[in-house]
Each structure stands twice: as C-alpha cells, then as structure tokens.
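Colleague: Provide a 3D model corresponding to the input given below.
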Amino acid sequence: MTPDYAQIESGVTTTAKAVKEAVDANSKVMNVVTSALRESGIAEKDVQTSRFSVQQVYATQEPRTEPKLVGFRVSNRVRVNMHQIDKVGEILDRLVAAGATDVGSISFLVSDPSKALDQAREAAIADARHKAEIYAQAAGLRLMGVNWITEDDGSTPAIPMRAQRETAAAGVPIVPGEDILRVRVTVGFDVAR
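Modeller: Okay, here's the model as predicted:
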C-alpha cells in the first residue's frame with residue numbers, strides 16, 4: 001500500500017553555561033523552526049512536541065577527578081505530520097535553513113489501513129481454508145466448518161518496500177516507497193471421517 005502521509009522528527013539542541021541561557025537560545029531557534037513549518041503550509045495541529053530535555057554538560061575529566069559542570073544542553077524535538085509527501089524534501093530543507101540541528105526519523109505511513117487489512121484478512125482465511133482442505137483430503141477426512149479464528153495483532157511495524165516514486169527538493173531525495181500491511185490468522189476447522 002502506498003503511504004499517504006509522512007512523519008518527520010526534527011528539533012533544536014543548544015548548549016550554554018546557564019540553564020536559562022540554553023533554554024532561551026533553544027526557544028528562539030525553535031520559534032523560527034515552527035514558524036517555518038507554518039509558513040510551509042503545515043497545520044498547527046500537525047506539529048507536536050515529542051521531547052523536551054535539559055541535561056547537565058560536564059568537562060572531560062582525567063581519571064580519579066571529580067566531574068566539573070560546564071553548562072547545560074537543551075533539546076526540543078517536534079513530530080511533524082505531513083499530508084503532502086511530495087514536499088518532504090522541501091520541508092527538510094526549510095527546517096535546516098530555519099536552524100534545526102536535528103532532522104531525521106522520517107516515516108512514511110498509511111492513514112487508514114483498515115480496507116487493506118480487511119482484504120488481507122479475507123485472503124488469509126481463504127488461504128487457511130485451502131490448506132486445511134488439502135490436509136483433510138490427504139488424511140482421509142472431510143473438512144467441516146470453522147471452529148475458531150484468532151488474529152495475531154501484528155505488533156511489528158510496516159516494512160518499507162522498493163520505491164514506487166521519488167520526490168526531491170533542492171537535492172534532498174526522499175523516497176516514500178510502499179508499506180506492506182500484514183495479517184496473520186490461525187483458523188481451527190472441524191473435521192469428520
């Protein structure tokens with residue numbers, strides 16, 4: 001199934017001697033980054049803070065000496081949902097130009113996989129019935145009705161496959177590819193002699 005939206009993780013990391021300086025510097029750049037996203041047509045509801053952290057930074061120490069605090073590192077990351085996959089490269093370029101220091105974790109996703117999953121379920125049941133008929137016939141039994149069905153919830157993520165189309169903006173090649181949505185069912189049939 002061809003993905004219909006993309007998700008990008010991006011953010012800003014700043015370092016300063018004092019927490020307030022690091023937070024202020026980070027906020028200033030992050031405001032420019034989020035403004036660039038809005039100016040690019042990304043809706044405010046499609047931008048969400050995914051992580052904010054403040055960490056102490058220590059100087060490199062020689063063995064058996066006490067660590068020396070030299071500053072603070074502030075990181076602010078956002079998750080951006082893009083409904084125009086053909087603009088992913090352009091948005092990446094804008095994020096970097098706006099001052100994002102961390103751009104990556106691009107995922108191509110399917111917003112409504114239910115129809116494709118339902119088709120996969122139907123195919124899985126038909127395949128299970130076909131195989132059960134072969135086994136029953138080989139064992140000299142007659143296949144009766146379905147006794148039970150279970151579905152593996154498939155907690156594994158979709159697997160990107162070969163690209164079907166490619167988009168590029170300012171030299172950033174972005175390939176959305178295709179996702180495979182899998183369903184695994186186990187079917188128990190009644191048999192008779």
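Colleague: for the lengthiest helix in the chain, buried residues please.
Modeller: Secondary structure of the chain per DSSP state H: the longest helix is helix 114-138. Across helix 114-138, burial judged by 16 or more other Cβ atoms under 10 Å covers 117, 120, 124, 128, 132, 136. (Each C-beta comes from the backbone N, C-alpha and C, glycine too.)
Colleague: any idea how far the third one is from residue 151?
Modeller: Put plainly, it is residue 124. Distance check for residue 124 against residue 151: by Cβ to Cβ, to the nearest Å, it reads 8 Å.
Colleague: middle-most residue in this structure, spatially?
Modeller: For the chain, the residue nearest the mean C-alpha position is residue 107 (4.1 Å; Cα atoms, centre = their mean).
Colleague: in what helix or strand does it lie?
Modeller: Residue 107 belongs to strand 102-109 when assigned by DSSP states H and E.
Colleague: and that strand, what's buried?
Modeller: Quick answer for strand 102-109 (16+ other Cβ under 10 Å): 103, 106-109.
Colleague: tell me the strands beside it, with direction?
Modeller: strand 5-16 (antiparallel) (DSSP bridges).
Colleague: quick one: the helices in this protein?
Modeller: Using DSSP H, helices in the chain cover 19-39, 88-98, 114-138.
Colleague: so for stretch 77-92, what's the average pLDDT?
Modeller: Average pLDDT, stretch 77-92: 91.
Colleague: return the distance of it from the chain's centre.
Modeller: 12 Å (Cα atoms, centre = their mean, to the nearest Å).
Colleague: how far does that stretch stretch from start to finish?
Modeller: Here the two ends of stretch 77-92 are set 14 Å apart, with distance taken as Cα to Cα, to the nearest Å.
Colleague: buried residues, it. List them.
Modeller: By 16+ other Cβ under 10 Å, the buried positions in stretch 77-92 come out as 77-82, 85, 87-92.
Colleague: if we take the residues you listed, which one ends up nearest to residue 59?
Modeller: Nearest to residue 59 among the buried residues of stretch 77-92, counting by Cβ to Cβ, is residue 77 at 25.8 Å.
Colleague: can I assume that closest one is in contact with residue 51?
Modeller: Yes: under the contact definition of Cβ atoms under 8 Å, residue 77 touches residue 51, with a separation of 4.5 Å.
Colleague: what sits in contact with each of those two?
Modeller: residue 11 (Cβ atoms under 8 Å, 6 or more residues apart in numbering).
Colleague: show me where pLDDT drops low in this protein?
Modeller: Where the chain drops to pLDDT under 70, the residues are 153-179.
Colleague: select the longest strand from it.
Modeller: In the chain, taking DSSP state E as the definition, the longest strand is strand 69-82.
Colleague: strand partners of that one, parallel vs antiparallel please.
Modeller: According to DSSP bridges, strand 69-82 has these partners: strand 5-16 (antiparallel), strand 47-58 (antiparallel).
Colleague: format these as TSV; extra columns: distance to residue 66.
Modeller: Listed next are the strands paired with strand 69-82 as TSV, based on distance: least, Cβ to Cβ, whole Å:
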stretch	distance to residue 66
strand 5-16	21
strand 47-58	10
